[in-house]
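Chemist: output the structure for:
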Amino acid sequence: MKARMSRELFYSENPEFDNLLKRMGKIFDAKNKDYSNGNLYKNFFESERIKISPSKGVILRMLDKVSRICNLINKERFEVKDESIEDTLLDLANYSLIAILVLRKERESINNKRLRRVKTLFDKLLFLIKKCRRWFYVTARENEW
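Modeler: Presented below is the predicted three-dimensional model:
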């Protein structure tokens with residue numbers, strides 16, 4: 001069930017700040033649907049195909065936004081009319097939050113890989129213990145220890 005945007009979802013006592021948060025949420029939802037069919041991590045984890053970590057991919061997109069802001073500040077005429085400095089700053093703010101989520105997801109993935117490696121090593125250790133136990137048992141019987 002999709003959460004409704006309401007006053008309770010935001011924690012700022014400043015209504016102007018809350019309005020920006022709401023706008024960020026609407027931009028995030030719209031772009032998330034357009035770019036990734038609702039799977040937040042899809043596009044960012046695609047960067048792994050070209051050996052770029054998802055967090056670095058997000059930061060590269062953030063740098064693109066910073067470059068865009070610098071260009072918008074220094075120009076008087078714009079070819080692209082539908083993206084203002086404010087829109088770009090809101091995108092940058094959204095990317096900052098996405099970067100946090102992607103970093104958390106990467107950390108979770110790394111921890112899961114480590115757990116799988118530990119489990120694999122543990123399984124190999126158990127196999128070796130069983131093998132040694134069998135060898136010891138057979139050797140002991142042959143030598144009548």
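
Chemist: now for the longest helix belonging to the chain, which elements pack on it?
Modeler: Ranked by residue count under DSSP state H, the longest helix found in the chain is helix 85-143. Helix 85-143 is packed against helix 15-36, helix 42-46, helix 54-74, with contacts defined by 3 or more C-beta pairs under 8 Å, 6 or more residues apart in numbering; DSSP states H and E. All C-beta spots, glycine's among them, are computed from the backbone N, C-alpha and C.

Chemist: try 7 Å this time
Modeler: When contacts are defined as 3 or more C-beta pairs under 7 Å, 6 or more residues apart in numbering; DSSP states H and E, helix 85-143 packs onto helix 15-36, helix 54-74.

Chemist: which residues are in contact with the last one?
Modeler: The one in question is helix 54-74. Contact with helix 54-74 is made by 44-45, 47-48, 85, 88-89, 91-92, 95, 98-99, 102-103, 106, as judged by C-beta atoms under 7 Å, 6 or more residues apart in numbering.

Chemist: count of neighbours near residue 76?
Modeler: Neighbourhood size, residue 76 [other C-beta atoms under 10 Å]: 4.

Chemist: element containing it?
Modeler: In the assignment (DSSP states H and E), residue 76 maps to no helix and no strand.

Chemist: hmm, back to that, narrow the contacts of helix 54-74 to just the buried residues.
Modeler: Applying 16 or more other C-beta atoms under 10 Å to the contacts of helix 54-74, the neighbour count classes 44, 45, 47, 88, 89, 91, 92, 95, 98, 99, 102, 106 as buried.

Chemist: so what's the residue most central in space within the chain up against?
Modeler: Nearest to the mean C-alpha position of the chain, by C-alpha atoms, centre = their mean, lies residue 102 at 1.3 Å. Shown in contact with residue 102 (C-beta under 7 Å, 6+ apart): 41, 44, 54, 55, 58.

Chemist: what's near enough to touch the second one?
Modeler: This points to residue 44. Contacts of residue 44 (C-beta under 7 Å, 6+ apart): 54, 57, 58, 102.

Chemist: which one is the first one nearest to, not counting chain neighbours?
Modeler: Nearest non-adjacent residue to residue 54, counting by C-beta to C-beta, 6 or more residues apart in numbering: residue 44, 4.3 Å away.

Chemist: can you put the contacts of residue 44 in a markdown table and add distance to residue 70 and pLDDT?
Modeler: Formatted as a markdown table, the contacts of residue 44 follow (distance: C-beta to C-beta, whole Å; pLDDT from 0 to 100):
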| residue | distance to residue 70 | pLDDT |
| --- | --- | --- |
| 54 | 25 | 91 |
| 57 | 21 | 91 |
| 58 | 19 | 92 |
| 102 | 24 | 92 |
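
Chemist: that's all I had, so thanks and see you.
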